[in-house]
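Next input, structure requested:
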Amino acid sequence: MEKHRYVSTAFWDDGYIMKCDPSEKLLFMYLLTNPLTALCGIYQIELRRIAFDTGFDIEIVKTILKRFENDGKCIYRDGWIALKNWLKHQSKSPTVATAINMQMNEVPKTLKRYVEGYT
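You can find the predicted model right below:
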């Protein structure tokens, strides 16, 4: 099933993104829009998949993800990525909320606590 991820054009005006180098911008956009993303902002993805899709060496991917973690943007643990502010950018509709809650039942508990806005 095809998924749609809508990214605001304000992405490029975000203060954090404006300070990123081009490879960091690409990787951050990839984390928001790749085919494995989930409505809850937590999903499984292998580093080799990220490297293959972006064209970056795995060591570069690790380095950038570590910077994002240090900056409080996301964490990568045991093959799972969690995007800190993902939920605040999602629709507040009951249908979306139901889907998010269903997905949250499938993710590691430590990552649930990391994502802001989830209770």
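
rest of the way, CA atoms for contacts and neighbours
Fine.

Tell me, how many residues neighbour A38?
20 (other Cα atoms under 10 Å).

Wait, a helix at it?
No - membership of A38 in a helix is not supported by DSSP: H, G, I helix; E, B strand; the rest coil, which gives coil.

where are the low-confidence patches of the protein?
For the chain, applying pLDDT under 70 flags the ranges 1-2, 116-119.

Please, where are all the helices along it?
Using DSSP state H, the helices found in the chain span residues 15-19, 22-33, 47-54, 58-70, 94-104, 109-114.

For the fifth one, buried residues please.
Under the neighbour-count criterion of 16 or more other Cα atoms under 10 Å, helix 94-104 has A97, I100, Q103, M104 buried.

returning to what we had before: redo the helices of the chain as TSV? Include distance to L39.
Below are the helices of the chain laid out as TSV (distance: least, Cα to Cα, whole Å):
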stretch	distance to L39
helix 15-19	22
helix 22-33	10
helix 47-54	19
helix 58-70	20
helix 94-104	6
helix 109-114	13
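
mind checking which of these is nearest H4?
H4 sits nearest to helix 22-33 of all the helices of the chain, at 8.3 Å, using Cα to Cα.

And the contacts of the closest one?
Helix 22-33 has contacts (Cα atoms under 8 Å, 6 or more residues apart in numbering) with R5, V7, I17, T37, T54, V61, I64.

Which residues are in contact with the fifth one?
Residues touching T54, when contacts are defined by Cα under 8 Å, 6+ apart, comprise L26, L27, Y30.

what about the residue sitting furthest away from the middle of the chain, distance to K3?
Of all residues in the chain, P94 has its C-alpha farthest from the mean position, at 22.0 Å, by Cα atoms, centre = their mean. Separation of P94 from K3 (Cα to Cα, to the nearest Å): 18 Å.

Same check on W86?
The gap separating W86 from K3 is 16 Å, by Cα to Cα.

more neighbours, these two?
W86 (19 against 11).

The more buried one touches T37, doesn't it?
No - counting by Cα atoms under 8 Å, W86 does not reach T37; the two are 10.5 Å apart.

out of the helices of the chain, which comes closest to W80?
Smallest distance to W80 across the helices of the chain (Cα to Cα): 8.3 Å, for helix 109-114.

What helices and strands are in contact with that closest one?
For helix 109-114, there is no helix or strand it packs on, judged by 3 or more Cα pairs under 8 Å, 6 or more residues apart in numbering; DSSP states H and E.
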